[in-house]
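In: Here's a sequence, model it:
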Amino acid sequence: MTMVGALVLSATLVHGQSAPAVQDAPGSIVAGGKRLLFGGNDARPPGPAPAAVKPEWAGLIGEYGWDLGKFYVLEDGGELKILAGWFDFEALHPVSADVFQLPASGPHGAATVTFERDAMHAVTGVRIGDVVYLRRPFDAPGQVFHITPLKPVAELRREALASTPPVETGNFRKPDLVELNKLDPSIKLDIRYASDRNFLGSPLYLEARAYMQRPAAEAVVRASQQLQQLGYGLLIHDSYRPWYVTKMFWEGTPVEKRIFVADPAQGSRHNRGCAVDLTLYELKTGEPIRMTGGYDEMSERSYPFYPGGTSLERWHRDLLRRAMEAEGFAVYESEWWHFDYKDWRQYPILNLTFEELESVSTSR
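Out: Just a heads-up that it's a prediction; the model follows:
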């Protein structure tokens, strides 16, 4: 998916106040009068990898509260902390497995924090003093984000296939789409839109393929080779996307969520073969690396500088970003997994299906 428009986030505080976090220059965020640096064109790891979170804390980490009173429970530097807004960190000092104490110097004073569980032992909320904050959805490992499409997927597909992409003018490069995993067999595919494990809950592609324009594909391969030296491989969720699928996304997504999908009237960088959605997997085990949020999740967890989760999740997210940016990609401001190649403007919007691309390839 793709978010359009300028990046202006609301860093919501527990007490319902907010302070804007604005991307005012490449590689930096200004929020609360402070500047946060991130990304850059350095392919090196973002410092030593932090230790994994303590197993007994893993189930406590997440978001709690309501839209105008949300806060994070996260792990940072080996400590469990509450983060309200972007800078108000309060360390949680363990008393017992589910009971913690806040520091007297913090905004809540020396309040007791108790995590509440249901009959299945899953955390349902957290009590701070006399107030219970319910756990917010979509922060459990392995969950797939879903919406209810505005129309049935079959109807969306029929209407999209009957539509035509926008007419463009300009001198574009001749498309040369190649498959990523054929250039580098270590690149694995988990093409979500070829399954029902996507936000529309239905297969949109007939085949699981990952095509990109050759220069972009070769840049992904270089990033893959760098990451392999650190024990990681690349796992592709999507790359080239026919225009009609972008049309399906737009027409099926509720208006309030359309900031996360591309307007088909403008086309998507995926349609040009110059965008890729990807994550890391561990070479030793073949298992995907857990990041701060799930693929295609329409929430703040998708932002590349989302502060929640664990130190290791954020480290892996930043490692992926550094590797991709070093090869000419830019992360999209609303999706940690989405990277656009620097030359995307030089290619036209395409509407070829994977089956048509395969036919062209075999006829050469």
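In: all helices of the stretch 151-300 of the chain, in order?
Out: Ranges of helices within the stretch 151-300 of the chain are 153-161, 180-183, 214-228, 243-252, based on DSSP state H, counting those that start in this stretch.
In: Go through those helices and pick out the most buried.
Out: Across the helices of the stretch 151-300 of the chain, the average number of neighbours (mean count of other Cβ atoms under 10 Å) peaks for helix 243-252, which reaches a mean of 24. For every residue, glycine as well, the C-beta is placed using N, CA and C.
In: that older thread, dump the helices of the stretch 151-300 of the chain to CSV, plus distance to residue 283.
Out: Output for the helices of the stretch 151-300 of the chain, formatted as CSV (distance: least, Cβ to Cβ, whole Å):
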stretch, distance to residue 283
helix 153-161, 36
helix 180-183, 15
helix 214-228, 7
helix 243-252, 31
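In: Select, out of the ones you listed, the one closest to residue 284.
Out: Closest to residue 284 of the helices of the stretch 151-300 of the chain, according to Cβ to Cβ: helix 214-228, at 11.5 Å.
In: elements contacting the closest one?
Out: Counting by 3 or more Cβ pairs under 8 Å, 6 or more residues apart in numbering; DSSP states H and E, the packing neighbours recorded for helix 214-228 are strand 177-179, helix 180-183, strand 232-238, strand 275-282, helix 311-325, strand 335-341.
In: Can you add distance to residue 350 and mean pLDDT and give these back as TSV?
Out: Listed next are the helices and strands packed on helix 214-228 as TSV, based on distance: least, Cβ to Cβ, whole Å; pLDDT from 0 to 100:
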stretch	distance to residue 350	mean pLDDT
strand 177-179	8	97
helix 180-183	16	97
strand 232-238	14	98
strand 275-282	12	98
helix 311-325	22	96
strand 335-341	14	96
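In: Would you confirm that residue 133 belongs to a strand?
Out: Yes. Looking at residue 133 with DSSP: H, G, I helix; E, B strand; the rest coil, it is inside a strand.
In: Next, the contact list for it, please.
Out: 64, 65, 66, 69, 71, 125, 126, 127 (Cβ atoms under 8 Å, 6 or more residues apart in numbering).
In: Dig out what the fifth one forms beta bridges with.
Out: Following DSSP bridges, residue 71 is listed with bridge partners residue 64.
In: separation between it and residue 133?
Out: Using Cβ to Cβ, to the nearest Å, residue 71 is found at 7 Å from residue 133.
In: Mutual contacts of the two, please.
Out: 64, 65.
In: that older thread, the helices of the stretch 151-300 of the chain: which one's closest to residue 331?
Out: helix 214-228 (12.4 Å).
In: The closest one - what's its average pLDDT?
Out: Here helix 214-228 scores 97 as its mean pLDDT.
In: what residues does that helix touch?
Out: Here helix 214-228 makes contact (Cβ under 8 Å, 6+ apart) with 43, 176-180, 183-184, 186-187, 211-212, 233-234, 273-274, 276, 278, 280, 283, 319-320, 323-324, 326-329, 341, 343-344.
In: re the thing from before, among the contacts of residue 133, which ones are buried?
Out: By neighbour count, with 16 or more other Cβ atoms under 10 Å, those hold 64, 65, 69, 71, 125, 126, 127 as buried.
In: Next, give me the two most distant ones among those.
Out: Largest pairwise distance in the buried ones among the contacts of residue 133, by Cβ to Cβ, is 14.4 Å, between 69 and 127.
In: quick one: which of the buried ones among the contacts of residue 133 is nearest to residue 354?
Out: Relative to residue 354, and with distances defined as Cβ to Cβ, the nearest of the buried ones among the contacts of residue 133 is residue 64, at 42.0 Å.
In: now the strands for the stretch 1-150 of the chain?
Out: Along the stretch 1-150 of the chain, the segments classed as strands by DSSP state E, counting those that start in this stretch run 8-12, 18-25, 28-31, 34-37, 62-64, 71-76, 79-84, 88-91, 93-94, 99-101, 112-117, 123-128, 131-134.
In: Where among those strands is average confidence lowest?
Out: Of all the strands of the stretch 1-150 of the chain, mean pLDDT reaches its minimum on strand 8-12 (a mean of 31).
In: returning to what we had before: which of the buried ones among the contacts of residue 133 sits closest to residue 145?
Out: Taking Cβ to Cβ as the measure, residue 145 lies nearest residue 64 of the buried ones among the contacts of residue 133, at 18.8 Å.
In: Touching, that closest one and residue 74? I think so.
Out: No. Counting by Cβ atoms under 8 Å, residue 64 stays clear of residue 74, with 11.1 Å between them.
In: May I ask you to confirm that residue 281 is in contact with residue 316?
Out: No. Contact criterion Cβ under 8 Å: residue 281 and residue 316 do not qualify, at 10.5 Å.
In: so what sits against both of those two?
Out: residue 289.
In: Quick check on these two: which one has the bigger neighbour count.
Out: residue 316 (25 against 20; other Cβ atoms under 10 Å).
In: contacting residues around the closest residue to that one other than its chain neighbours?
Out: Using Cβ to Cβ, 6 or more residues apart in numbering and skipping residues adjacent in sequence, the residue nearest residue 316 is residue 289, 4.9 Å away. Counting by Cβ under 8 Å, 6+ apart, residue 289 touches 232, 279, 280, 281, 282, 316.
In: can you do 7 Å?
Out: By Cβ atoms under 7 Å, 6 or more residues apart in numbering, the contact set of residue 289 is 279, 280, 281, 282, 316.
In: can you check residue 252 too?
Out: Residue 252 neighbours (Cβ under 7 Å, 6+ apart): 149, 150, 151, 156, 200.
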